[in-house]
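Novice: need coordinates for the following:
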Amino acid sequence: MNYKYHFTYTTNGEVKTALDSNEDFTFELTEGDSFLKAVIKPNKELTVNSFYVEREYSYGENAKFFANGFQSWTDTKEFSKHEKMPGLGLIGKSLYGKINGMDYVGDYTFVPQETEPGTFHSHGLAYVKEGKTIDFFGSMTDRTGYTVIYADMNNGTLRFSKDVEGVAISEPYELLNLFFMKGEYDEVFDAYFAAMDIKPLTTEKIKGYTSWYNYYEKINEEVILRDLDALSEYKDYVNIYQIDDGFETRVGDWFSIDPSKFPNGIKYIADSIHEKGFKAGIWLAPFGAHKKSELAKKHPDWLVRFPNGKPVPVGHNWGGFYALDIYNEDARNYIKSVFNEVLNVWGFDMVKLDFLYAASVIPMHGKSRGEIAYDSIDLLRECVGDKPILACGVQQMPCFGKVEYMRIGADMSLGWAHTLLRKNMHREDVSTPNALHNSIYRRCFNGRAFLCDPDVFLLRRTNIKFSKEQQKVLAQFIKLFGKVLLMSDNIAEYDSEQLRMFHHVLADDDTKLLAVNEEGDTVFIDYLEDGKEHTLKFCIKDGTIF
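Specialist: Below is the predicted model of the structure:
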């Protein structure tokens, strides 16, 4: 295959561009039918700015390109050449968005954003699909930096890029290590994960309750114990009860519990969950610090900072927040102390760890964003030990084989349509259609890299905008695509019909996904249940059921 490469770097204060080896470095490209490797061998110390290799590629008229989004929430799907990839919305681009770092939630600061139909980019892995055959390209590791794969279906090119901005090298450095294969879907992904020697850490489903999608941050001891008591009658179907955001006074101040909400503290909640026979789960954003948190005020040196010394805003949630620098020894020790308290003092059995992208939003300390992301997951694994992690708001590849469970889509909305307001935020914002698309197109990870969390099923009739029929479709969808099956309802309010659906979703039966197709906005899901074949058919945009 004829590859062209482009390399920019800095040496002795001078920025240079190279298309071939020179006096500063030697470039080695090794390729075969199933792999491509690129190594830079410097003759002097270099700071890498950018790198890619490019080749011609023939896209059929009906070809689709699978574009894997940057992190858990980033919209992910197969695109045809007539479609346009979404980007940062008007609100995200606004002064409000800039002040609050909305562009750091995704890849907007380091990946050129497409503006024309037929041009797309994908993180870590991608494929071109024609009929039942996929032509697959996947990075074997992104520890050195994120692999970004670009498809230009208009001009017939395929580009493999490495985000290595800011990396200082003085020894041979592997820039690309790619796996190639053509075949049918399951065949290809089985081979890819076998080649990486990646296996999931568990086969156990999570089934139960999370407080988020009914109360959000408005939780308290009374509500949590009331819903817990109602759910305790269904021990045969449930194995976990998870407390989400809202127990802490501010994100980052994890030892500061709101006494008006939880007068008996959080250990009391964990003990109460255990008394009912469930495992206890809790939500944390371990790398986050609210702008007004005591953590940010007292320890500004712990925060990720721009070269000019100002802290990096990494999102607008809670009124804006910063990230902790995992290489600051004091910050690192604080993170470890939080997990010691949560797991060994309070006694929680599982942690849902959220907004994890925040640790690696900029290159720093001579490390790429990808290397920092891998280091951050390694730190969390060290802190949590052998207790399970449900990772959320995080890049997938650093978590392969490192976390038990992974949220693979955006937060569900409490209604179906993706509103104009939400579309103008960023690709990672709350969206039921995007959450469903991600579950469909990231099903390749389920049972191979970790167990997938497609988000919640909700059956209640109040504080919700789904119709009964839509709730049934979503519940069946979650059952088919997920190994994390959580709801956020007070089950005491269920009628007999809702209880039957609850039992159906959580039952351990022989339901099996057979095939998934999308034609226009219509999704067709063929599956086997109780020995019979069924098809789930609906409109992805508005939830119309066929």
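Novice: would you map the strands across the stretch 51-200 of the chain?
Specialist: 64-67, 77-80, 119-123, 125-130, 133-139, 146-152, 157-163, 167-169, 173-183 (DSSP state E, counting those that start in this stretch).
Novice: out of those, nearest to Asn49?
Specialist: Ranking the strands of the stretch 51-200 of the chain by proximity to Asn49 (CB to CB) places strand 167-169 first, at 9.2 Å. All C-beta atoms are positioned from the backbone trio N, CA, C, and that covers glycine.
Novice: what pLDDT does Met1 get?
Specialist: Per-residue pLDDT puts Met1 at 68.
Novice: what does Val48 give?
Specialist: Reported pLDDT for Val48: 89.
Novice: that one and Asp163 touch, don't they?
Specialist: No. Val48 lies out of contact with Asp163 (CB atoms under 8 Å); the separation is 9.7 Å.
Novice: with mean neighbour count, distance to Lys292 and mean pLDDT added, can I get the strands of the stretch 51-200 of the chain in a markdown table?
Specialist: Output for the strands of the stretch 51-200 of the chain, formatted as a markdown table (neighbours: other CB atoms under 10 Å; distance: least, CB to CB, whole Å; pLDDT from 0 to 100):
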| stretch | mean neighbour count | distance to Lys292 | mean pLDDT |
| --- | --- | --- | --- |
| strand 64-67 | 24 | 37 | 98 |
| strand 77-80 | 20 | 37 | 97 |
| strand 119-123 | 23 | 33 | 98 |
| strand 125-130 | 21 | 39 | 97 |
| strand 133-139 | 22 | 39 | 97 |
| strand 146-152 | 24 | 32 | 98 |
| strand 157-163 | 22 | 32 | 96 |
| strand 167-169 | 19 | 34 | 90 |
| strand 173-183 | 19 | 41 | 96 |
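Novice: could these be laid out in JSON lines, adding distance to Met487?
Specialist: Listed next are these as JSON lines, based on distance: least, CB to CB, whole Å:
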{"stretch": "strand 64-67", "distance to Met487": "30"}
{"stretch": "strand 77-80", "distance to Met487": "26"}
{"stretch": "strand 119-123", "distance to Met487": "30"}
{"stretch": "strand 125-130", "distance to Met487": "31"}
{"stretch": "strand 133-139", "distance to Met487": "34"}
{"stretch": "strand 146-152", "distance to Met487": "34"}
{"stretch": "strand 157-163", "distance to Met487": "38"}
{"stretch": "strand 167-169", "distance to Met487": "44"}
{"stretch": "strand 173-183", "distance to Met487": "37"}
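Novice: out of those, which is closest to Phe339?
Specialist: Per CB to CB, nearest to Phe339 of those: strand 146-152, 26.5 Å.
Novice: helix or strand right after the helix or strand bottoming out on mean pLDDT in the chain?
Specialist: Lowest by mean pLDDT, DSSP states H and E among the helices and strands of the chain is helix 420-423, with a mean of 87. Next along the chain after helix 420-423, taking DSSP states H and E as the criterion, comes helix 432-441.
Novice: who's in contact with Pro391?
Specialist: Small correction: residue 391 is Ala, not Pro. Ser72, Leu353, Leu356, Ile377, Cys399, Val403, Tyr405, Met406, Arg407, Phe450 (CB atoms under 8 Å, 6 or more residues apart in numbering).
Novice: any idea how far the last one is from Lys41?
Specialist: Using CB to CB, to the nearest Å, one gets 35 Å for the distance from Phe450 to Lys41.
Novice: more neighbours, the two?
Specialist: Phe450 (28 against 13; other CB atoms under 10 Å).
Novice: doesn't Phe400 make contact with the more buried one?
Specialist: Yes. Applying CB under 8 Å as the test, Phe450 and Phe400 come out as touching, 7.3 Å apart.
Novice: please, which helix or strand holds Leu513?
Specialist: Applying DSSP H and E, one finds Leu513 within strand 512-519.
Novice: next secondary structure element downstream of that strand?
Specialist: strand 522-529.
Novice: give the buried residues for that next one.
Specialist: Val523, Ile525, Tyr527 (16 or more other CB atoms under 10 Å).
Novice: go on, stretch 198-212?
Specialist: Ile198, Pro200, Leu201, Lys205, Ile206, Lys207, Gly208, Tyr209, Thr210, Ser211, Trp212.
Novice: out of those, which sit inside helices?
Specialist: Trp212 (DSSP state H).
Novice: which two of the buried residues of stretch 198-212 have the greatest separation?
Specialist: Counting by CB to CB, the most remote pair of those is Ile198 and Ser211, 32.0 Å apart.
Novice: need the CA coordinates for the least confident helix or strand of the chain. CSV is fine.
Specialist: C-alpha atoms of helix 420-423 as CSV (Å, rounded to 0.1, in the frame of the first residue of the first chain):
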residue,chain,number,x,y,z
LEU,A,420,-32.7,22.2,19.6
LEU,A,421,-31.2,23.5,22.8
ARG,A,422,-29.3,20.2,23.4
LYS,A,423,-28.1,20.1,19.8
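Novice: thinking again about what came up before, mind putting the buried residues of strand 522-529 into a markdown table with distance to Asn424 and pLDDT?
Specialist: Shown next, in a markdown table, are the buried residues of strand 522-529 (distance: CB to CB, whole Å; pLDDT from 0 to 100):
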| residue | distance to Asn424 | pLDDT |
| --- | --- | --- |
| Val523 | 25 | 96 |
| Ile525 | 30 | 97 |
| Tyr527 | 35 | 96 |
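Novice: tell me how many other residues surround the residue lying closest to Ile91 once chain neighbours are set aside.
Specialist: Nearest non-adjacent residue to Ile91, counting by CB to CB, 6 or more residues apart in numbering: Asn424, 4.7 Å away. Other residues near Asn424 number 16, with proximity taken as other CB under 10 Å.
Novice: which residues does Asn424 contact?
Specialist: Residues near Asn424 by CB under 8 Å, 6+ apart: Gly89, Leu90, Ile91, Gly92.
Novice: just the buried members of these?
Specialist: Gly89, Ile91, Gly92.
Novice: could you measure from the last one over to Glu404?
Specialist: It refers to Gly92. For Gly92, the distance to Glu404 - CB to CB - is 32 Å.
Novice: any idea how far the most centrally placed residue in the chain is from Gly543?
Specialist: Centroid-nearest residue in the chain, with CA atoms, centre = their mean: Ser72, separated by 1.6 Å. To Gly543, Ser72 is 22 Å away according to CB to CB.
Novice: kindly report the same for Lys41.
Specialist: 55 Å.
Novice: what do you get for His6?
Specialist: 45 Å.
Novice: those two: which has the busier surroundings?
Specialist: The neighbour count for His6 versus Gly543, taken as other CB under 10 Å, is higher for Gly543 (20 against 14).
Novice: check contacts around Val361.
Specialist: Gly101, Tyr104, Thr109, Val304, Val312, Val314, Ala323, Arg369.
Novice: and the angle from the longest helix that the chain contains to strand 157-163?
Specialist: If you go by DSSP H, the chain has its longest helix at helix 369-384. Counting by axes from the mean of the first three to the mean of the last three CA atoms, to 10 degrees, helix 369-384 lies at 50 degrees to strand 157-163.
Novice: which helix or strand lies directly C-terminal to helix 369-384?
Specialist: Taking DSSP H and E, what comes next after helix 369-384 is strand 389-391.
Novice: which neighbouring elements make contact with the next helix or strand after that next one?
Specialist: Using DSSP H and E, the helix or strand that follows strand 389-391 in sequence is strand 405-407. Helices and strands touching strand 405-407, by 3 or more CB pairs under 8 Å, 6 or more residues apart in numbering; DSSP states H and E, are strand 389-391, strand 451-453.
Novice: pipe these into a markdown table and attach distance to Phe193 and mean pLDDT per row.
Specialist: Listed next are the helices and strands packed on strand 405-407 as a markdown table, based on distance: least, CB to CB, whole Å; pLDDT from 0 to 100:
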| stretch | distance to Phe193 | mean pLDDT |
| --- | --- | --- |
| strand 389-391 | 17 | 98 |
| strand 451-453 | 14 | 98 |
